[in-house]
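*Asks:* I'll drop the sequence and a predicted model, then ask my questions.
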Amino acid sequence: MSIYQDIGGAKAVKAAVDEFYVRVLADPDLVRFFEGRDLASLKASQREFIGAALGGPEIYQGDAMSQVHASLGVADAQFDGVVAHLLAAFASAGVPAEAAGKIAAVLGPLRGDIVTAS
């Protein structure tokens, strides 16, 4: 069984992504990355990406993570903050800690594609 199935599929991913954006938009260290952007499009893209990354049926059709984040100047601490908010959002959606650890293991390797600032 995939992580996607373990956590409850599309319903859990949608709930987590919605909660994630509530959290990052309230975080003074992260909000600048999301201000002025099409939130509906960001959410749809993130649901697609996360669903595919966790073994769901979604097919991520967006640009590579390195391309999407190249001009943003994301630092390690900001990457960590985003991951922490995402994991907290999954927890609030009822995802067990064990599954959250698996999600973190999938997302962790993206650091090299996303972090461009020191």
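*Replies:* Perfect, I can see it now. Residues are numbered from 1 along each chain as shown.
*Asks:* where's the residue nearest to the spatial centre of the chain, which helix or strand?
*Replies:* Centrality entry for the chain: nearest residue to the mean C-alpha point is residue 86, 5.6 Å, by Cα atoms, centre = their mean. Per DSSP states H and E, residue 86 falls inside helix 76-92.
*Asks:* return the distance of that helix from the chain's centre.
*Replies:* Using Cα atoms, centre = their mean, to the nearest Å, the distance from the centre of helix 76-92 to the centre of the chain it belongs to is 8 Å.
*Asks:* the residue nearest to the centre of the chain against residue 107, yeah?
*Replies:* Yes - using Cβ atoms under 8 Å, residue 86 is in contact with residue 107, at 7.1 Å. To be clear about C-beta, it is placed using only N, CA and C from the backbone, and glycine gets the same treatment.
*Asks:* grab the nearest non-local neighbour of the residue nearest to the centre of the chain.
*Replies:* In this structure, residue 86 finds its nearest non-sequential neighbour in residue 20, 5.2 Å apart by Cβ to Cβ, 6 or more residues apart in numbering.
*Asks:* per-residue pLDDT of that neighbour, please?
*Replies:* We have a pLDDT of 98 for residue 20.
*Asks:* do a quick rundown of the strands in the chain.
*Replies:* With DSSP state E as the definition, the chain shows no strands.
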